[in-house]
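In: sequence unavailable; structure follows:
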């Protein structure tokens, strides 16, 4: 149990140590903010769990120290007196440093937001006997772009579940989807394309990635954020939702926007090749953009073209882009969708191992659930999505065109190459069936009766075909419908992915304040620790932590995150390895994880016993181009 070293009583926020001056302004009150202790460096992050350090100097001592400091300043830089104290010393922890090295029993020091040797006096001490101290978890697959930028007063409630599972850094802009940059037709099209991942009140009041980063910094961040450039926004800006190859001017517009975003701090480029407009892009277009990443060693991440019929050629396409462009490539949320395709998992994992043996830098990640979440648009064929969400809805209103769409869903099988006219990368309905797709979110109260129900169930209740009832719902909700897809990889397939040392763990889930979020938004990392480490022993603790910390940080190019080492930023999670448990399910998706006692971001506590402290110490992590 995390406790004070001597059972000391809570420390008043305005105690003698003068650390109240570090406290930032708190956001508007929300039910998730733990007001039992103040935030800020040197303040008590866990009232009853900590004790104060030594008494501060007397006025005479302080005056003498100040004079010495001024004299030293004339000769060179000198830390002020208080800065010689540790802000925190964490004692008796089982330290798992994130590198995969064996755990060791020891103490940790934190000062000025960084790990330092634990020697010397400390303003606060935590006795972490019985707890694991690990680097803060790095989630390289978030779709929280518009949550983080939200002006909503309850924004903290949508993020706190991520902090409570130990996440201290997240990467946005995944699957070719995201918030910035906005130019050309993207200004008008992006809000509709991203409606499923947009909380109410989003204002889209930026253009460049630098503008977007400024919005995040102005609103404050409880965790660190890095970004990929979404290919979907580049293509929307240059050519809207028109299928086919871009012309020379459109290619130049995409390349220019990508280069500017890399210079503004993006870590790489992401593509989403089952969504519009990425589904319209040929390999040549992607390869040309990927080559732009070489000078900065940026990463090319892909929601590959399909995870069922086209899974293996889709993985081969990703590997070939890495080989031909000479860049790092990453297989986002590696999976096999539909029981008939689960056996392909072993095949594509071996394809990626062989590519690494040949020198191709390819990696992957996974979410530890047999269910995925996405937009309902994904069940429709690409030709029906040409022109954007509004055009799809217009086609669904036309009886003849609607019948053609329905027939295609029932009869068409994806083939390679899927970007050709009338091609289709991934027919979700043929892969899993109408009974394995559920409604996860809607825009209106009128549509809430559909939440959690399968499309087959909705069709049966309405006395019509599933295609008809879901298309009616899409029209009623103006397209803002989300879905859960079941039969993802299977439990044995998930264990196979979890056993691969080059596969990082992710959430691929966020709470947008509407409908039912995927349970991974509240439980992905604790689920790994509970199921694959404690209960099944699929992977050792140190290896699981490596694949939540240093491996994903290295994949995305964040060299100073994901490890516990002196001088690195003090992102830290303290948890009870015997008690850490995920509780979120499809039926109770917002149930918080337990067993994680504290989460620190840049040396400041943001979680105390599962509750948000109100601190906003997160940073935008800009990568140098």
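Out: Looks like it came in fine. Fair warning: this is a prediction, and the values are worked out from it, not measured in the lab.
In: low-confidence stretches in the stretch 501-625 of the chain?
Out: 625 (pLDDT under 70).
In: switch to 80 and redo it
Out: 610, 625 (pLDDT under 80).
In: got the domain ranges for the protein?
Out: 137-373+488-596, 375-485 (automatic domain parsing).
In: tell me which of those domains is the most buried.
Out: For these, the largest average neighbour count (mean count of other Cβ atoms under 10 Å) is found in domain 137-373+488-596, namely a mean of 22. Bear in mind the C-beta positions are built from the backbone N, C-alpha and C, glycine included.
In: now the strands for the stretch 101-250 of the chain?
Out: 104-111, 114-116, 124-127, 132-135, 137-139, 167-172, 224-227, 229-230 (DSSP state E, counting those that start in this stretch).
In: how far away from the center of its chain is stretch 285-297?
Out: With Cα atoms, centre = their mean, to the nearest Å as the basis, stretch 285-297 stands 23 Å off its chain's centre.
In: for residue 439, what are its contacts?
Out: Applying Cβ atoms under 8 Å, 6 or more residues apart in numbering to residue 439 gives the contacts 376, 450-453, 455, 458, 470, 473, 481-484, 515.
In: and the strands in the stretch 251-400 of the chain?
Out: Under DSSP E, counting those that start in this stretch, the stretch 251-400 of the chain gives strands at 268-272, 299-303, 328-331, 362-366, 371-375.
In: that older thread, turn the domains of the chain into a markdown table, including distance to residue 110.
Out: Putting the domains of the chain into a markdown table (distance: least, Cβ to Cβ, whole Å) gives the following:
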| stretch | distance to residue 110 |
| --- | --- |
| domain 137-373+488-596 | 4 |
| domain 375-485 | 39 |
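In: before we move on, back to that, from the contacts of residue 439, which land in strands?
Out: 482, 483, 484 (DSSP state E).
In: any idea how far the residue nearest to the first one when sequence neighbours are not counted lies from residue 343?
Out: Think residue 482. Nearest residue to residue 482, sequence neighbours excluded (Cβ to Cβ, 6 or more residues apart in numbering): residue 441, at 3.7 Å. Remark: distance between residue 441 and residue 343 (Cβ to Cβ, to the nearest Å) = 32 Å.
In: please apply the same query to residue 514.
Out: 36 Å.
In: try residue 336
Out: Going from residue 336 to residue 343 by Cβ to Cβ gives 8 Å.
In: likewise for residue 547?
Out: With Cβ to Cβ as the criterion, residue 547 and residue 343 are 24 Å apart.
In: and for residue 455?
Out: Distance from residue 455 to residue 343, by Cβ to Cβ: 26 Å.
In: same question for residue 127.
Out: The gap separating residue 127 from residue 343 is 50 Å, by Cβ to Cβ.
In: tell me who's in contact with the closest residue to residue 175 other than its chain neighbours.
Out: The spatially closest residue to residue 175, leaving aside those adjacent along the chain, is residue 272, at 3.6 Å (Cβ to Cβ, 6+ apart). Residues near residue 272 by Cβ under 8 Å, 6+ apart: 174, 175, 176, 177, 230, 231, 232, 278, 302, 303.
In: could you list everything residue 272 pairs with in the sheet?
Out: With DSSP bridges as the criterion, residue 272 is bridged to residue 303.
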